[in-house]
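> Got a predicted model here, sequence first, then my questions.
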Amino acid sequence: MTSRVYFADMRSRSADQTISNKLRSLFDVSEMHKIISEGDVVALKVHLGTGENHRHLRPEHVRAVVEKVQEAGGKPFVTETTGIGLASIRGTAVGCIKTATLHGFTQETLGAPIVIADGLKGLSGVKVKINGIRMREVEIAQAIAESDAMISIAHVKGHPRTGLAATLKNIGIGCLTKVGKAPLYMAKKPKIDQRLCNNCGVCIRFCPVGAIRQSRGRTELIQRRCIVGCGCWDVCPQKAITRWNDLHHPRNSELIIRNVDAAAAVVKHIGRDKIAYLNLAYEITPHCDCADYGDVPMVPDIGVFASRDPVAVDKAASDAVIKAPGIAGSAADEVGVMRPGDDKFTGLSEYSPFAPFRNVDQTREWRIQFEVAEKLRLGTTEYELVKIE
């Protein structure tokens, strides 16, 4: 079966063709109002950007969706989850809100409150059983799990591990707690190298679940208590705890598969008929919005995609990026994928800033997300693109 994906380009030839107005039209033509019942609390899942990375969603574009949800009788809130590591910029709700404010996301600009869905430290969630390809249980962020409906508003871009980051990543990893994210990224739990540890106790005071203790003059990490995603490796002055990049699965495709499992869990929990999807394909950088810097876009701005099918909307957006010409002086130029039709996402395997993330498959297996999503019946890669003005 073919899914419809509605599309509006970035051209504005008059005042009524602004991106905000096009978003309102896409909301209507894709019948997003049908996911909302009167009084529904509706999560608008976004990424708020990180640090000095200003290549993110525009708050005014999110506001356009807020207003349409309100017109449909819903009660919207804009939401995000904390990142891996309590010491990172977005590692706590405090850091997330600070980032949001710096990037222009406030209740005043959005017209709706911002709620960090997994709580103060990213540990508040609901466990959901899932018969995934890899995952059997996923921990969804509390506020998202409690929502009556959800609209994913994703920024289309590259990623050092998944190649493509758009809707499936926004509703997979993006909707989970720290505990939920950890097994997607990591193959093992950290350990303490006794040759480097000087028993300073910093990690003991840092750990929110008491998984690190001193015993007989040694600092030990209790594996069965460790929830992995808190980032104790970042706070150790002696660098005695296993580093982030050394904890990952040997292949990035493993993260991709587990992310789609997580997306399926979120869709199952909220309900297929209660979720809609928007892909905003502008400022298409080679890296995720999690990076604390913003390179120039790889390709020209493309437009906005809307669908009730998370697979079709990502396939349509990725096809458009691949068909686009590369921008001179960008990552596309650096790795030699400048022609229309060149695979921009696979090309990122050779992007120099991704060298610290290098492993067996790099970004070359990014398309596996579509195969897994179809196996899990999340949607279809067969789509009809309907362009609106």
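Everything's here; your move.
> What segments of the stretch 251-389 of the chain are strands?
275-281, 303-307, 383-387 (DSSP state E, counting those that start in this stretch).
> can you list the ones you listed in TSV and add mean neighbour count and mean pLDDT?
In this view, the C-beta of every residue, glycine as well, is placed from N, C-alpha and C. Below are those laid out as TSV (neighbours: other C-beta atoms under 10 Å; pLDDT from 0 to 100):
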stretch	mean neighbour count	mean pLDDT
strand 275-281	27	98
strand 303-307	27	98
strand 383-387	14	98
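> what about H61, helix or strand, and which?
Assigned by DSSP states H and E, H61 falls within helix 59-71.
> got a markdown table for the strands of the stretch 251-389 of the chain, with distance to G174 too?
Output for those, formatted as a markdown table (distance: least, C-beta to C-beta, whole Å):
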| stretch | distance to G174 |
| --- | --- |
| strand 275-281 | 12 |
| strand 303-307 | 17 |
| strand 383-387 | 22 |
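> So for R339, which of the ones you listed sits nearest?
strand 275-281 (18.6 Å; C-beta to C-beta).
> Dump that closest one to CSV, keeping only the CA atoms.
Taking C-alpha atoms only, strand 275-281 is exported to CSV below (Å, rounded to 0.1, in the frame of the first residue of the first chain):
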residue,chain,number,x,y,z
ILE,A,275,0.5,10.5,15.9
ALA,A,276,1.3,12.7,12.8
TYR,A,277,4.7,13.6,11.4
LEU,A,278,6.4,16.7,9.9
ASN,A,279,9.9,16.7,8.4
LEU,A,280,11.4,20.2,8.0
ALA,A,281,14.2,19.9,5.4
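> Can you name every helix or strand that that strand contacts?
strand 149-155, helix 167-171, strand 303-307, helix 310-323 (3 or more C-beta pairs under 8 Å, 6 or more residues apart in numbering; DSSP states H and E).
> hey, which of the ones you listed is tucked in deepest?
With neighbours taken as mean count of other C-beta atoms under 10 Å, the helices and strands packed on strand 275-281 reach their highest mean count in helix 167-171, at a mean of 28.
> Kindly export it (C-alpha atoms) in PDB.
Extracted in PDB, the C-alpha atoms of helix 167-171 (Å, rounded to 0.1, in the frame of the first residue of the first chain):
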ATOM      1  CA  THR A 167      11.300  11.400  12.000                       C
ATOM      2  CA  LEU A 168      12.300   7.900  13.000                       C
ATOM      3  CA  LYS A 169      15.100   9.100  15.200                       C
ATOM      4  CA  ASN A 170      12.900  11.900  16.600                       C
ATOM      5  CA  ILE A 171      10.200   9.400  17.800                       C
END
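> what are the phi and psi angles of S215?
Main-chain dihedrals, S215, degrees, to the nearest 10: phi -150, psi 120.
> Quickly list what it is bridged to.
For S215, the beta-bridge partners are R218 (DSSP bridges).
> Can you give me the pLDDT of it?
Looking at S215, its pLDDT is 90.
> now swap in the one 5 residues further on and tell me
Per-residue pLDDT puts E220 at 95.
> State the distance from it to N198.
14 Å (C-beta to C-beta, to the nearest Å).
> Now do the spatially closest residue to C232 that is not a sequence neighbour against I153, distance only.
Distances taken as C-beta to C-beta, 6 or more residues apart in numbering put C203 closest to C232, at 4.8 Å, once the chain neighbours are dropped. According to C-beta to C-beta, C203 stands 37 Å off from I153.
> do the same with E31
Applying C-beta to C-beta to E31 and I153 gives a distance of 17 Å.
> I figured the residue nearest to C232 hits C236, correct?
Yes - between C203 and C236 a contact is recorded at 5.6 Å, counting by C-beta atoms under 8 Å.
> more neighbours, these two?
The neighbour count for C203 versus C236, taken as other C-beta atoms under 10 Å, is higher for C203 (26 against 22).
> name the element the residue nearest to C232 belongs to?
Taking DSSP H and E as the definition, C203 sits inside helix 202-206.
> likewise R24?
Assigned by DSSP H and E, R24 falls in helix 19-29.
> ok, back up a step: how about the helices and strands packed on strand 275-281 in CSV, adding distance to G51?
Listed next are the helices and strands packed on strand 275-281 as CSV, based on distance: least, C-beta to C-beta, whole Å:
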stretch, distance to G51
strand 149-155, 15
helix 167-171, 19
strand 303-307, 26
helix 310-323, 24
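> R358 is nearest to which of these?
Per C-beta to C-beta, nearest to R358 of the helices and strands packed on strand 275-281: helix 167-171, 19.9 Å.
> So which residues of the chain form helices?
Taking DSSP state H to define them, one finds helices in the chain at 19-29, 59-71, 93-102, 107-110, 142-145, 167-171, 178-185, 202-206, 252-270, 310-323, 331-335, 344-347, 368-375.
> Now do the contacts for the residue nearest the centre of the chain.
Central residue of the chain (C-alpha atoms, centre = their mean): N170, 3.5 Å from the mean position. Shown in contact with N170 (C-beta atoms under 8 Å, 6 or more residues apart in numbering): 45-47, 152-154.
> Local confidence estimate at it?
For N170, the pLDDT comes out at 98.
> how much space between it and M298?
Distance, N170 to M298, by C-beta to C-beta: 19 Å.
> Can you pull the domain assignment for this structure?
Split into domains by automatic domain parsing, the chain comes to 3-184+250-387, 188-247.
> and the ones you listed, which is most packed in?
Mean neighbour counts for these (mean count of other C-beta under 10 Å) peak at domain 3-184+250-387, with a mean of 21.
> Distance of D309 relative to N279?
11 Å.
> whoops, I mixed them up, R205
42 Å.
> cool, Q142 as well?
From Q142 to N279 the distance is 26 Å (C-beta to C-beta).
> Nearest spatial neighbour of I133, chain-adjacent residues omitted?
Using C-beta to C-beta, 6+ apart, the closest residue to I133 is I257 (5.3 Å).
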